[in-house]
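J.: Everything below, folded, please.
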Amino acid sequence: MSLLEVRQLKVAYGGIKAVRGVDLTVAEGELVCLIGANGAGKSSVLKGLVGLVQHGGEVRFAGERLTGRPTHAIAASGVSLVPEGRGIFARLTVAENLDMGAFVRRDRTAVNIDRQRVYELFPRLAERRGQMAGTLSGGEQQMLAIGRALMSGPRMLLLDEPSMGLAPLMVQKIYETITRVAGEGVTILLVEQNANLALHVSQRAYVMESGEVTLHGASAELMSNPQIRAAYLGE
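T.: So this is what the prediction gives:
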């Protein structure tokens, strides 16, 4: 049974149709990626799922309808977004940013456990817990954005371009952590322009072009698809 079910999702900005009737599903425990060129509508899909933009169609999570619910209610239901560009609170400390991630929770003991888990996943954040987030490096800010999302205790994590602008060694570290989090049972929908990287870590993939899903299937199969190799893997 699918944890996330999306039917005919449509997102428009004025007269510009960014998403044109996307269908997708993600089963509990899966790591699914959404790939495509810049401007294909990938980020708009994630924004639609969490209510950051108005949309048509229907979104269901764990059998409950999310369409029309406010963003904080969607977060409380177990869906957490790591936005493109990280979106950290630059004038708050690392620790305060993590606390903001847990604002929908009242289980303080569990929150404290999750905070220690984040510090264990990202020891650099533990070292800098009292530092202003805006003074962190780009890679450290990406760690913080993921850690803050995990502080909500999500069943599902939405990741928007986590490798963007990062050095190769930092990308490796971030993706090792993403794989580890997925291995611990958190369901992940990953938007990534680096198709090679996304296909290597995911079980299934959707390919978007001009606001529509044009292809989907097992990631391993798509990696051997000549069309995908030519368009997205540089061959």
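
J.: Relative to Leu189, how far out is Thr71?
T.: Using C-beta to C-beta, to the nearest Å, we find Thr71 at a distance of 17 Å from Leu189. For glycine as for every other residue, the C-beta is placed from the backbone atoms N, C-alpha and C.

J.: Those two: who's more crowded?
T.: Each of Thr71 and Leu189 has its neighbours counted (other C-beta atoms under 10 Å); Leu189 has more, 26 against 13.

J.: Pretty sure that one sits against Val32.
T.: Yes - between Leu189 and Val32 there is a contact at 5.4 Å, judged by C-beta atoms under 8 Å.

J.: list the residues that contact both of these two?
T.: Val26 (C-beta atoms under 8 Å, 6 or more residues apart in numbering).

J.: Could you pull up the contacting residues of the nearest residue to Met208 once chain neighbours are set aside?
T.: Nearest non-adjacent residue to Met208, counting by C-beta to C-beta, 6 or more residues apart in numbering: Gly36, 3.7 Å away. Counting by C-beta under 8 Å, 6+ apart, Gly36 makes contact with 42, 193, 207-209.

J.: before we move on, what about Leu166?
T.: By C-beta under 8 Å, 6+ apart, the contact set of Leu166 is 138-139, 142, 174.

J.: Report the buried members of these.
T.: Buried by 16 or more other C-beta atoms under 10 Å: 139, 142, 174, out of the contacts of Leu166.

J.: which parts of the helix or strand hosting the last one are buried?
T.: Assigned by DSSP states H and E, Ile174 falls within helix 168-183. Neighbour counts over helix 168-183 (16+ other C-beta under 10 Å) mark 170-171, 173-175, 177-178, 181-182 as buried.
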